[in-house]
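Undergrad: just the structure for this:
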Amino acid sequence: MSTNSIKIIAGDVHRGLAELVTKRLGIKLCDVELKRDSNKEVSFSISESIRDEDIYIIVQIGSGVVNDRVLELLIMINACKTASARRITAVLPNFPYARQDRKDKSRAPITAKLMADMLTTAGCDHVITMDLHASQIQGFFDVPVDNLYAEPSVVQYIKENLNYKEDCIIISPDAGGAKRAAGLADRLDLNFALIHKERARANEVSRMVLVGDVTDKICIIVDDMADTCGTLAKAAEILLENGAKSVIAIVTHGILSGNAITNINNSKLDRVVCTNTVPFEEKLKKCSKLDTIDISGVLAESIRRLHNGESISYLFRNSPL
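TA: A predicted model of the protein is given here:
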């Protein structure tokens, strides 16, 4: 089966990743029209037939307008369903509300489950995402979910850009990311260290303790998400105080909300590397310390494999060319 019967849809905002994916697949984005009325209601229409086609809707959901992007996605899915598409796959590189995956206090919602319910109710048949904040979110869905990993792309970046064999050590910024850091360290044959952090309140770290030796090492902090970057800035200070040579942060989802750019510019971090799961082109212009890992090849190959009925597990350990 070729890619001729694949249709890829993207909204009118943050189309960059979708265009990179279609370029790799050798196809064009589906012609759609998305407008906002004077009262901000979304009006969406598809300008070509998608009857009995395999539809992939790629939406980059960043910061600031998360709820608008979510509603646009639901409307796009429902439009494809009513247009008799054969299968509708939502490609969400950064799954929204992933941090609200459990009831951590009384009378709190599990919003990640609500997201899953809304997507399936709208007509979604399959979900492709990357580095879920919590893997159990896959169980919230009644449809298949493919949770891809940025690790192969991160390994490739480290090998190509850093003298990793002699000088580097992998750092987990918290206990929850220890498994991720250990897995990456094993693949690169490096040691890893852990920073234990205590939070006074959400997005605010009160105290950090380093577990491990980082003397004269290039510290590579790995995490799934960077929001305000306050944690990364404090982690860099702790590592340098303990004898580190320099500090680099590599995160999958560079949300970079609030004072993130200011925090990075004022921090002792040498570099903050993010994948392009979240659009941050404008922020690249404001911060010389930012760098990008392109994951469009991973998404394109996962779409091709899913469409042709091939296994996607190959991408869990390997980065496509």
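
Undergrad: start to end distance for stretch 99-119?
TA: One end of stretch 99-119 to the other measures 17 Å (CA to CA, to the nearest Å).

Undergrad: same check on stretch 114-129?
TA: Distance across stretch 114-129, first residue to last, is 16 Å (CA to CA).

Undergrad: list the buried ones in it?
TA: If you call a residue buried by 16 or more other CB atoms under 10 Å, then stretch 114-129 has these buried ones: 115-116, 119-120, 122-129. C-betas here are computed from N, CA, C, even on glycine.

Undergrad: in strands, which of the residues you listed appear?
TA: 126-129 (DSSP state E).

Undergrad: between those, which is closest to K289?
TA: Set against K289, the nearest of those by CB to CB is T129 (27.1 Å).

Undergrad: any idea what V273 is bridged to?
TA: Beta bridges link V273 to I250, D291, judged by DSSP bridges.

Undergrad: what sits against it?
TA: V273 is in contact with 157, 248-251, 290-293, counting by CB atoms under 8 Å, 6 or more residues apart in numbering.

Undergrad: make CSV out of those and add neighbour count.
TA: Shown next, in CSV, are these (neighbours: other CB atoms under 10 Å):
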residue, neighbour count
Y157, 19
I248, 22
A249, 28
I250, 24
V251, 27
L290, 20
D291, 15
T292, 14
I293, 21
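
Undergrad: now tabulate the residues you listed in a markdown table and tack on pLDDT.
TA: Putting the contacts of V273 into a markdown table (pLDDT from 0 to 100) gives the following:
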| residue | pLDDT |
| --- | --- |
| Y157 | 94 |
| I248 | 96 |
| A249 | 97 |
| I250 | 97 |
| V251 | 96 |
| L290 | 96 |
| D291 | 96 |
| T292 | 95 |
| I293 | 96 |
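
Undergrad: relative to S267, which of the residues you listed is nearest.
TA: For these, the closest approach to S267 (CB to CB) belongs to A249, at 9.2 Å.

Undergrad: if we can go back for a sec, just send the contacts of V273 back as CSV, with distance to L239 too.
TA: Output for those, formatted as CSV (distance: CB to CB, whole Å):
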residue, distance to L239
Y157, 20
I248, 10
A249, 11
I250, 14
V251, 16
L290, 19
D291, 19
T292, 23
I293, 22
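
Undergrad: now do I8 against F95, distance only.
TA: Going from I8 to F95 by CB to CB, to the nearest Å gives 19 Å.

Undergrad: these two: which is more packed in?
TA: Comparing I8 with F95 by other CB atoms under 10 Å, the one with more neighbours is F95, at 27 against 23.

Undergrad: excluding sequence neighbours, find me the nearest residue to the more buried one.
TA: T129 (4.7 Å; CB to CB, 6 or more residues apart in numbering).

Undergrad: quick check, pLDDT for that neighbour.
TA: According to the prediction, T129 has pLDDT 97.

Undergrad: my read is that L25 contacts S302, right?
TA: No. Here L25 does not reach S302: they are 10.9 Å apart, not a contact under CB atoms under 8 Å.
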